[in-house]
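Trainee: what follows is a predicted structure for the sequence shown.
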Amino acid sequence: MNEVNDADRSPWAVFVIFLRLGLTSFGGPVAHLGYFHAEFVARRRWLGERAYADLVALCQFLPGPASSQVGMALGLQRAGYGGALAAWVGFTLPSAVALILFARGLARFGDALPAGMLHGLEVVAVAVVAQAVWGMAGKLCTDVPRVTIMAVAACVVLALPSAWSQVGVIALAGLAGLAVFRAPADGGVREAMAVAIGARASLAWLALFFVLLAGLPLLAALQPEGWLARIDAFYRAGALVFGGGHVVLPLLQAEVVPPGWVGNEAFLAGYGAAQAVPGPLFTFAAFLGAAAGGAYGGWMGGMVCLLAVFAPSFLLVAGALPLWERLRRDARMQAALAGVNAAVVGLLLAALYQPVWTSAIHRPQDFALGLLALVALMSWKWPPWVVVAVCGVAGGMLGMLAP
């Protein structure tokens with residue numbers, strides 16, 4: 001399936017594709033997975049439904065921003081290390097630059113855009129996630145056991161909304177798949193996710209992840225007010241958070257506000273701006289680094305903190321993806337993955353309701369706009385970025401007409 005479009009195998013081509021996504025992917029990590037699904041599974045056919053679901057399942061297991069890790073993994077399997085870097089830079093750069101500019105006082109994004117326009121972007125996220133859930137469910141939940149696992153997973157996550165419940169649901173779904181599903185008689189050939197990383201390199205990346213996690217605090221203690229302290233704080237935040245971008249906020253607040261690196265009012269202002277830009281919420285680290293005063297702020301501070309918070313994600317993806325590729329080809333692992341894939345659809349279904357639906361659909365006009373966006377994506381086959389732009393404008397108009 002990967003041979004459909006060989007023209008985009010260079011890091012530069014990967015960068016251009018992810019840069020467009022970085023400029024238009026509003027709606028948070030779940031919506032990002034929907035955008036990736038539309039771009040790389042449905043449109044470009046870099047990989048199939050099962051391979052994409054396997055990849056999402058792996059990144060749900062790993063700490064860090066799941067959508068950014070999926071993007072890195074897609075770039076890695078497409079164009080090697082250069083592709084992983086290109087995917088991350090393209091997807092992250094727009095929001096990082098916007099938030100650094102905001103931190104430097106060069107723009108006020110929340111005040112510059114009408115509130116209705118921002119709400120329109122939240123509504124389009126509903127359509128993007130709904131399209132992803134519908135497409136994945138049609139391919140991955142094809143019988144009663146799979147549908148049951150999907151529904152139970154969604155119910156558990158909604159009843160127990162925490163990062164650990166998501167990890168637990170995926171683990172239990174794997175055990176259920178192992179018990180319920182039988183390995184295919186043909187050995188269960190699955191579409192390959194080619195990753196040009198050997199076993200030694202994979203283990204070296206994982207070892208570096210743990211060495212930095214243990215060693216940076218010791219080095220930072222030697223220079224409590226310098227660069228190492230900031231790198232340590234943001235690296236640990238990126239390495240220890242499960243559940244996506246919003247979960248990292250309290251960790252970052254505990255790291256940057258008490259030492260006085262960033263004031264609490266500035267912290268909250270940056271958080272508000274982070275909701276108004278596309279791309280991963282982890283780029284909030286760029287704002288915090290840039291907002292710090294003295295020699296450790298500005299563009300240099302923003303870039304250093306941005307690299308530090310995303311470094312664990314790259315190390316984990318580069319270390320785990322080659323091992324995952326071997327495991328997913330094992331017959332018993334395939335049975336477990338059948339349950340895991342169904343659970344991933346359930347997690348997306350739960351996220352479609354909370355927080356995507358509940359934060360965006362408040363009145364009949366919102367529902368109508370979301371429905372039209374879904375029809376535009378699924379039936380009219382509009383590109384996602386066009387739907388995003390139209391919904392933003394429509395949301396702004398509805399906001400002006402509202403009493």
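Mentor: Great, that's in hand. Model, not experiment: these values are computed from the prediction.
Trainee: phi first, then psi, for residue 225.
Mentor: Here is the backbone geometry of residue 225 (degrees, to the nearest 10): phi -110, psi 10.
Trainee: burial of it, as a residue count?
Mentor: Look at residue 225: counted by other C-beta atoms under 10 Å, it has 13 neighbours. Where C-beta positions appear, they are placed from N, C-alpha and C, glycine not excepted.
Trainee: what pLDDT is listed against it?
Mentor: pLDDT, residue 225: 77.
Trainee: got it, and residue 88?
Mentor: Reported pLDDT for residue 88: 97.
Trainee: name the nearest residue to it, ignoring sequence neighbours.
Mentor: residue 72 (5.4 Å; C-beta to C-beta, 6 or more residues apart in numbering).
Trainee: secondary structure element for that neighbour?
Mentor: Per DSSP states H and E, residue 72 falls inside helix 66-103.
Trainee: hang on, the earlier thing: residues touching the residue nearest to residue 88, list them.
Mentor: Residue 72 makes contacts with 84, 87-88, 313-314, 317, as judged by C-beta atoms under 8 Å, 6 or more residues apart in numbering.
Trainee: again, only this time at 10 Å
Mentor: Neighbour list for residue 72: 18, 59, 64-65, 83-88, 91, 310, 313-314, 316-318, 321 [criterion: C-beta atoms under 10 Å, 6 or more residues apart in numbering].
Trainee: repeat that for residue 38.
Mentor: 21, 44, 128, 131-132, 135, 377-378, 383-384, 387.
Trainee: go again with 8 Å.
Mentor: With contact set as C-beta under 8 Å, 6+ apart, residue 38 has these partners: 128, 131-132, 377, 384.
Trainee: do residue 173 as well
Mentor: Counting by C-beta under 8 Å, 6+ apart, residue 173 makes contact with 149, 153, 339-340, 342-343, 346.
Trainee: if we use 7 Å, what do you get?
Mentor: 149, 153, 339-340, 342-343 (C-beta atoms under 7 Å, 6 or more residues apart in numbering).
Trainee: how about the helices in the stretch 51-200 of the chain?
Mentor: Under the criterion DSSP state H, counting those that start in this stretch, helices of the stretch 51-200 of the chain are mapped to 66-103, 109-112, 115-140, 144-159, 163-180, 199-222.
Trainee: kindly reformat those helices as TSV containing distance to residue 351.
Mentor: As requested, those are exported to TSV (distance: least, C-beta to C-beta, whole Å):
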stretch	distance to residue 351
helix 66-103	11
helix 109-112	24
helix 115-140	7
helix 144-159	8
helix 163-180	9
helix 199-222	27
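Trainee: among the ones you listed, which is nearest residue 335?
Mentor: The closest of the helices of the stretch 51-200 of the chain to residue 335 is helix 163-180. By C-beta to C-beta, the value is 5.2 Å.
Trainee: mind saving the C-alpha coords of the closest one as CSV?
Mentor: Below are the C-alpha coordinates for helix 163-180, written out as CSV (Å, rounded to 0.1, in the frame of the first residue of the first chain):
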residue,chain,number,x,y,z
ALA,A,163,-5.0,8.9,31.6
TRP,A,164,-4.4,5.6,33.5
SER,A,165,-7.9,4.4,32.7
GLN,A,166,-7.1,4.7,29.0
VAL,A,167,-3.9,2.7,29.4
GLY,A,168,-5.7,0.1,31.5
VAL,A,169,-8.5,-0.2,29.0
ILE,A,170,-6.0,-0.9,26.2
ALA,A,171,-4.2,-3.5,28.2
LEU,A,172,-7.4,-5.3,29.2
ALA,A,173,-8.6,-5.1,25.6
GLY,A,174,-5.4,-6.8,24.5
LEU,A,175,-6.0,-9.6,27.1
ALA,A,176,-9.6,-9.9,25.9
GLY,A,177,-8.5,-10.2,22.3
LEU,A,178,-6.0,-12.9,23.2
ALA,A,179,-8.8,-14.9,24.9
VAL,A,180,-11.5,-14.3,22.3
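Trainee: hmm, residue 79 is touching residue 12, no?
Mentor: No: judged on C-beta atoms under 7 Å, residue 79 makes no contact with residue 12 at a distance of 8.9 Å.
Trainee: those two: who's more crowded?
Mentor: Neighbours per residue, other C-beta under 10 Å: of residue 79 and residue 12, the larger number sits with residue 79, 22 against 13.
Trainee: ok, that one - contacts?
Mentor: 9-11, 14, 86.
Trainee: likewise for residue 100?
Mentor: Neighbours of residue 100 in contact, by C-beta under 7 Å, 6+ apart: 286-287, 290, 299, 302.
Trainee: can you list the residues you listed in TSV and add neighbour count and secondary structure?
Mentor: Listed next are the contacts of residue 100 as TSV, based on neighbours: other C-beta atoms under 10 Å; DSSP: H, G, I helix; E, B strand; the rest coil:
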residue	neighbour count	secondary structure
286	32	helix
287	30	helix
290	26	helix
299	15	helix
302	26	helix
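Trainee: would you format the residues you listed as CSV with distance to residue 265 and pLDDT included?
Mentor: CSV is the format used below for those (distance: C-beta to C-beta, whole Å; pLDDT from 0 to 100):
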residue, distance to residue 265, pLDDT
286, 18, 95
287, 13, 92
290, 16, 92
299, 22, 91
302, 19, 94
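Trainee: just put these in CSV and tack on distance to residue 233.
Mentor: CSV is the format used below for the contacts of residue 100 (distance: C-beta to C-beta, whole Å):
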residue, distance to residue 233
286, 14
287, 15
290, 15
299, 19
302, 14
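Trainee: show me which residues of stretch 356-373 are buried.
Mentor: For stretch 356-373, the neighbour count (16 or more other C-beta atoms under 10 Å) marks 356-357, 359-361, 365-366, 369-370, 372-373 as buried.
Trainee: follow-up on the earlier one: okay, the helices of the stretch 51-200 of the chain, which one's buried deepest?
Mentor: Of all the helices of the stretch 51-200 of the chain, helix 66-103 carries the top mean neighbour count, a mean of 24, counting by mean count of other C-beta atoms under 10 Å.
Trainee: ok and that one relative to helix 163-180, angle-wise?
Mentor: 160 degrees (axes from the mean of the first three to the mean of the last three C-alpha atoms, to 10 degrees).
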